[in-house]
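Colleague: Build me a model from this:
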Amino acid sequence: MSYSMSQASLPVFEIGLNSLSAILGKTIAYAAAKKIDASVLLQSRLSPDMFALSRQVQIATDQAKNGSARLAGVEAPRHEDNETTIDQLKARIAKTVAYLKTLDPKQIDASADREITFPLGPTNKGHMKGDDYLNHFVLPNFYFHTTAAYAILRHCGVEIGKRDFLGAIPMRMT
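Modeller: Down below sits the predicted model:
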């Protein structure tokens, strides 16, 4: 049985983004309970040279949205990166998940051997075969930024754990 590019990406993004949204929901409750201004949490970072929480969420959604669109050979919707509240970040995540559901898995599956060109900073472009782009660029970046967002919130004291990060993975328990 073969495992397709769309199977390796779309469910991963949907589950990861939904768990990120749930974690942000717990962050709202945490901020209210502790009487913390949530905007302080949005600007929190693990290290001075890392992006803050809000940017980590934005990049995670961009990796899922833009990476999937490039693989499908279509133009992705643009987000303005101007979210200033947790609710706005949750709305961005919901828009991204909804967009992913509009993509044709067959178009993504057909991209394995096609060259994908993508921006690397303001002036450079990267070039990779579709399967390498997904496995060695998009998925690692997606996991990096969702993990960083989780770690920032955990560091700030939000009561979340591994199950929160994993989300609704397709698993049976016996």
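Colleague: those strands in this protein, which residues are they?
Modeller: Assigned by DSSP state E, the strands in the chain fall at 115-120, 124-129.
Colleague: for this protein, what's the longest helix?
Modeller: helix 5-34 (DSSP state H).
Colleague: Rebuild the strands of the chain as JSON lines, extending it with distance to Ile15 and mean pLDDT.
Modeller: (C-beta placed from N, C-alpha, C; glycine too.) Below are the strands of the chain laid out as JSON lines (distance: least, Cβ to Cβ, whole Å; pLDDT from 0 to 100):
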{"stretch": "strand 115-120", "distance to Ile15": "23", "mean pLDDT": "95"}
{"stretch": "strand 124-129", "distance to Ile15": "24", "mean pLDDT": "96"}
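Colleague: could you dump those to a markdown table with mean neighbour count?
Modeller: Below are the strands of the chain laid out as a markdown table (neighbours: other Cβ atoms under 10 Å):
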| stretch | mean neighbour count |
| --- | --- |
| strand 115-120 | 13 |
| strand 124-129 | 12 |
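Colleague: Looking at the residue nearest to Phe165 when sequence neighbours are not counted now. What's its pLDDT?
Modeller: Distances taken as Cβ to Cβ, 6 or more residues apart in numbering place Tyr150 nearest to Phe165, at 5.0 Å, with adjacent residues excluded. Tyr150 carries a pLDDT value of 98.
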